[in-house]
Every structure is written in C-alpha cells, then in structure tokens.
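Q: here is the input, now give the coordinates:
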Amino acid sequence: MKKLNLLIGILIGFIILSCSNDGSSENQDPIVGDWKLESVTILDLNEIPISEEPLSECEERNRMIFSSDQSYTFSKFNENINGECYDSVQSISEGNWSYSSTNGYQISGIASFEVVITNLSQKYDEIILSNNNSLLTGRKEYRFVDAAGNLINGSILIEEYSKE
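A: Numbers count the residues shown, from 1 in each chain. Reported below is the predicted structural model:
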C-alpha cells in the first residue's frame, strides 16, 4: 500500500509540474519584462548628435515595465532644485502596449507628470527590439513650427533600455 501511495504521489507531482510549465514563456512577447534606461541621445533633424551625456544616478532609476497582460507602466526620475531624485510620474491610467507587424510596438494611455498630462501614444514614434531582444530603443522626433507652419527647431530623442 505504501508503494502505491508513493507512486500516486510521484504521478501527482509530475502532473503538477507539467501543468505549471505550460510553455507560455516560449510564446511570451519579447517586450514583456522590466527595462532599465541605459542611454539618451539627442540628434538634430539631420541625425547629427547634439547631446549624448552619461546618465546621472537619478536617471539610471528610469524604468519601463511591459506586462504579459499588455499593460504598461514607467518611471521617470528627475532631480529637483535641491538635487533630490524623485519620480515625476504621478499616475498612469489605461497604460497599454500592443504589437502589430505593420505598426510595430505601440504604447497608449494617459500619464500625469506633476501638473502636465500626456498622451502616452505620443511617447515614441518607433520602438525597436534588437540585440537578441535584450535592447529596446525608443525614438521620438520633435518638430517646432511657427503659426505659418515653418520649421523653427527640431530634434530626435533616442532612449535605449536594457532588459533586467
């Protein structure tokens, strides 16, 4: 009887282990996970570097988190005038991400930064995964025009994140 109980226990253990590892991680989108800011580069509209400074200790705390349920959140750390580091993101509502073969990765939702509310879908023009899905690059182009539509100034922001 003890051998039968032992055999049943072993079988139940195998069943539990095989059910808990259903291979979902193999089908999981590579963007899912925690991403740490590694670098920020600013280019002019001709893609000539304007600024590429090392991150401060405060900026190194910036993160993007993409969850498997397609929710999205991020932290944006800044230093105040006293040199204290704080997360300027007060809230994110309906933060979501999606992927399509034609549009790539897209972010949507509303983020509140101190007194400014921003539509997250405007955060990046392009999000690219590279280096065997361990590097995420977000690219955003800014164009400032006058009332007549003439270009006054512009720049391209490139942020690179590594998967933690």
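
Q: what are the ranges of the helices in this structure?
A: Under the criterion DSSP state H, helices of the chain are mapped to 2-20, 24-27.

Q: could you tell me the least trusted of the ones you listed?
A: Comparing mean pLDDT over the helices of the chain, the weakest stretch is helix 2-20, at a mean of 47.

Q: give me every residue that touches the residue nearest the centre of the chain.
A: Nearest residue to the geometric centre of the chain (Cα atoms, centre = their mean): Met64, 3.4 Å. By Cβ atoms under 8 Å, 6 or more residues apart in numbering, the contact list for Met64 reads 34-35, 72-74, 136, 161. Any C-beta I mention is one placed from the backbone N, CA and C, and that applies to glycine too.

Q: per-residue pLDDT, the closest residue to Cys85 other than its chain neighbours?
A: Leaving aside its chain neighbours, Cys85 sits nearest to Cys58 (3.8 Å; criterion: Cβ to Cβ, 6 or more residues apart in numbering). Per-residue pLDDT puts Cys58 at 94.

Q: what is the neighbour count of Cys58?
A: For Cys58, the neighbour count with other Cβ atoms under 10 Å is 16.

Q: mind listing what's buried along stretch 112-124?
A: Of the residues in stretch 112-124, 120, 123-124 count as buried by neighbour count, 16 or more other Cβ atoms under 10 Å.

Q: quick one: end-to-end distance for stretch 138-154.
A: 17 Å (Cα to Cα, to the nearest Å).

Q: oh, that last question was meant for stretch 44-52, not what I typed.
A: End-to-end for stretch 44-52, by Cα to Cα: 12 Å.

Q: neighbouring contacts of it?
A: Stretch 44-52 has contacts (Cβ under 8 Å, 6+ apart) with 39-43, 141, 143, 154-156.

Q: try 7 Å this time
A: Residues from elsewhere that reach stretch 44-52, judged by Cβ atoms under 7 Å, 6 or more residues apart in numbering: 41-43, 154-156.

Q: who wins on neighbours among those?
A: Ile156 (20 neighbours).

Q: against Leu151, how distant is Met64?
A: Distance, Met64 to Leu151, using Cβ to Cβ, to the nearest Å: 30 Å.

Q: before we move on, what about Glu159?
A: Applying Cβ to Cβ to Glu159 and Leu151 gives a distance of 23 Å.

Q: what do you get for Ile127?
A: 25 Å.

Q: just the pLDDT for the residue nearest to the centre of the chain.
A: According to the prediction, Met64 has pLDDT 93.
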